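[1] Got a sequence here, can you build the structure:
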Amino acid sequence: MAQIDNRYALGGTAARTGVAVDEGLRAYMLRVYNYMAAGIALTGVVAYLIFTYSVTSDAALAANSGGRILALHRGMYLTPLGQTLFTTPLLYVMIFAPLAFVFYLSWRISSMSVGAAQIAFWLFAAVMGASLSSIFLRYTATSITQVFFVTAAAFGALSLYGYTTQKDLSGWGSFLIMGVFGIIIAAIVNLFLQSSALQFAISVIGVLVFAGLTAYDTQRIKDGYYELMSDGSALAKGAIMGALSLYLDFINMFTSLLSLFGSRE
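    As a prediction, the model looks like this:
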């Protein structure tokens with residue numbers, strides 16, 4: 001109870017009534033989830049559009065452009081755009097560009113205007129879409145859809161837990177962040193090793209780590225509201241960074257589950 005009282009004290013006059021704080025918190029969390037959902041939607045649209053323009057079922061067009069078969073049973077060929085994106089070093093640029101965006105936003109968010117932070121978030125979501133476009137080459141559309149809805153259900157339940165639980169989840173933070181860095185390092189190593197066993201381990205650990213981060217980040221974002229509520233600009237940028245955290249939790253849990261349960265082409 002003392003902890004709650006201290007948080008309210010940070011909010012000045014708005015904290016004098018629990019109703020005012022609760023309404024503000026609900027509006028803040030809704031803004032976070034709206035940013036996150038819009039970011040995921042943009043990522044999906046960009047990923048699908050790039051996939052659409054990167055493949056063709058026209059063998060003559062593929063032959064004329066020097067394309068190659070992607071999947072024999074679907075008769076799909078790379079277009080010139082597909083060759084550029086998926087058979088050149090640009091592929092690695094697409095893979096690592098989202099990570100660079102995350103670091104950039106984390107380091108510069110405090111000095112950015114709200115508008116610049118919003119633009120950076122949308123650009124990040126679009127770049128992530130380009131990075132994820134290859135999943136349509138590797139997995140069936142049905143399995144992508146199924147895993148997406150499974151991820152959405154799991155994310156919703158975990159985020160609800162993080163929002164409503166009275167248990168302090170802050171102790172999870174260091175352990176989970178260490179897990180994220182371990183996954184990143186292992187994933188980079190596996191780009192060269194191409195080990196199926198290592199990929200399986202990365203996917204299993206990824207599901208567990210990002211499931212935990214979903215609950216942890218939700219509580220962290222909720223708690224952060226009380227520290228930012230007196231500063232409108234900081235609150236707006238806090239919502240963007242909160243959305244980025246939950247977006248990353250969702251996307252990484254989705255790709256980990258897809259790696260485990262997706263039906264490959």
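[2] okay, CA-based contacts and neighbour counts for the rest of this
    Will do.
[3] Quick one: the helices in this structure, in order.
    Along the chain, counting by DSSP state H, helices occupy 2-9, 18-54, 59-65, 80-86, 90-108, 114-132, 135-138, 141-164, 172-193, 196-228, 232-261.
[4] Okay, the residue lying closest to residue 101 once chain neighbours are set aside and residue 154: tell me how far apart.
    Closest residue in space to residue 101, ignoring its immediate chain neighbours: residue 124 at 6.0 Å, by C-alpha to C-alpha, 6 or more residues apart in numbering. Residue 124 sits 24 Å away from residue 154, going by C-alpha to C-alpha, to the nearest Å.
[5] Which one's more surrounded, these two?
    Legend: neighbour count by other C-alpha atoms under 10 Å for residue 124 and residue 154, higher for residue 124 (23 against 17).
[6] List the contacts of the more buried one.
    With contact taken as C-alpha atoms under 8 Å, 6 or more residues apart in numbering, residue 124 is in contact with 98, 101-102.
[7] Among these, name the buried ones.
    The neighbour-count test (16 or more other C-alpha atoms under 10 Å) marks 98, 101-102 as buried among those.
[8] before we move on, back to that, what does the pLDDT read for the residue nearest to residue 101?
    Residue 124 is assigned 95 on the pLDDT scale.
[9] Ok, residue 95 next?
    85.
[10] so who does it touch?
    Counting by C-alpha under 8 Å, 6+ apart, residue 95 has contacts residue 131.
[11] before we move on, back to that, return the closest of the buried ones among the contacts of residue 124 with respect to residue 175.
    The shortest gap between residue 175 and any of the buried ones among the contacts of residue 124 belongs to residue 102, at 19.9 Å (C-alpha to C-alpha).
[12] For that closest one, which non-adjacent residue is spatially closest?
    According to C-alpha to C-alpha, 6+ apart, the nearest residue to residue 102 is residue 124 (7.8 Å).
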